[in-house]
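[1] Predicted model and sequence below, questions to follow.
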Amino acid sequence: MRREIFAVSAVAVLMMTAACGSSDNYGGKQTSVQPVGDSKQAGSAADIYGSGAGGAAVPAGQLGKTGPAGQMKVSEIQGLGAAVTDSEGFTLYRFDKDTPKPPKSNCEGDCAATWPAVAADGATVSEGIDAALLGSVDRSDGTKQLTLAGWPVYRYAKDAKAGDALGEGVGGTWHALGPGGKPAGKGGAGAEKEEKKEDEKPAAEAKATGLTAVQNPELGTLVEDAEGKTLYRFDKDSAWPMKIGCVDACTDTWKPAKPVDKANVSGIAPELIGKVKRPDGSEQLTIDCWPVYTFTGDKEPGDTTGHNNKGLWFAITDKGKKAKVVN
């Protein structure tokens, strides 16, 4: 009897999981929910992560080093000029989709397998690098990553020996790291122009678009969008199968969140991120299959005034669950 009950339960779970990926809310037509970042074009992973031509797998035995940098030094890289290398001569890199102010890494999951984060501990510098530029940033997995001038520091998995710089220019977003934190090879007036351009960016532009898991002292781990707005789920929606309960006038108060790139997600498992097509044809962000929204009543970043609204709306956690209700 126990075996039979277990088997029935397992089938039920599988059915619910399968239903998560479809919706019957659009005139009875099943619409597949595609994970954010998927594309009809081949090699889309390479576009997101800069993993190399055609998204080719990294050859075995060339997975790069993942330890601390040791004594960082300035080395001459052929075709690039002065670049920062670790104590064994491996080239160090920066990612244009990261941010230095405040430091934030936007390379997680598959991206981090191709571009291993350099651990923050034990880093020192030699002549040509200002020790005051060294720092660290907390990654979503709880580890600390080395930063230089605020930029998170990486190695490239395909660099097989000291002096290799195969990661330079990959995806148009990865660059060998210069001694001052700028891309290697940018010197003189060019570097000054680049620095001025970065310093003049508005704060909203400097912050990467995406999602971030944040700690709320009362509600636990919540999810915010790039503007710091708390995201919510609605009890009249459904995740299994996906159904939209907030339409028409409801969306004047509760704004459907737009889909995001998985590469710009911090602190939330990328596999939980998806999207669903709404009845009006627009696409909405989902977390663990739940459509998510922002609340117009939240005026400041971090506000949670929509939580437990009418007993139907709840701030969503990093796991896609409802945040706890505090009396």
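    Sure thing, it's come through. Numbers count the residues shown, from 1 in each chain.
[2] beta partners of residue 94?
    Using DSSP bridges, the beta-bridge partners of residue 94 come out as residue 175.
[3] which residues does it contact?
    Residues counted as contacts of residue 94 (CB atoms under 8 Å, 6 or more residues apart in numbering) are 148, 151, 152, 153, 154, 174, 175, 177, 181, 183. Heads up, the C-betas are built off the backbone N, CA and C, glycines and all.
[4] right, and out of these, which lies closest to residue 231?
    Checking the contacts of residue 94 against residue 231 with CB to CB, the nearest one is residue 152 at 24.7 Å.
[5] The nearest residue to that closest one once chain neighbours are set aside and residue 124, how far apart?
    Leaving aside its chain neighbours, residue 152 sits nearest to residue 105 (4.3 Å; criterion: CB to CB, 6 or more residues apart in numbering). Separation of residue 105 from residue 124 (CB to CB, to the nearest Å) stands at 22 Å.
[6] more neighbours, those two?
    When residue 105 and residue 124 are compared for neighbours, residue 105 comes out ahead with 25 against 14, by other CB atoms under 10 Å.
[7] Looks like the more buried one contacts residue 97 (just checking).
    No. Applying CB atoms under 8 Å as the test, residue 105 and residue 97 come out as separate, 9.3 Å apart.
[8] now the contacts of residue 94 as JSON lines including neighbour count?
    As requested, the contacts of residue 94 are arranged in JSON lines below (neighbours: other CB atoms under 10 Å):
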{"residue": "148", "neighbour count": "28"}
{"residue": "151", "neighbour count": "29"}
{"residue": "152", "neighbour count": "27"}
{"residue": "153", "neighbour count": "29"}
{"residue": "154", "neighbour count": "27"}
{"residue": "174", "neighbour count": "23"}
{"residue": "175", "neighbour count": "23"}
{"residue": "177", "neighbour count": "24"}
{"residue": "181", "neighbour count": "20"}
{"residue": "183", "neighbour count": "21"}
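[9] out of those, who's nearest residue 243?
    Looking across the contacts of residue 94 and measuring by CB to CB, the closest to residue 243 is residue 152, at 39.6 Å.
[10] Just grab the bridge partners of the closest one for me.
    Beta bridges link residue 152 to residue 147 when assigned by DSSP bridges.
[11] Let me see the contact set for it.
    94, 95, 98, 103, 104, 105, 107, 117, 137, 145, 146.
[12] buried subset of those residues?
    In the contacts of residue 152, burial by neighbour count holds for 94, 95, 98, 103, 104, 105, 107, 117, 137, 145, 146, counting by 16 or more other CB atoms under 10 Å.
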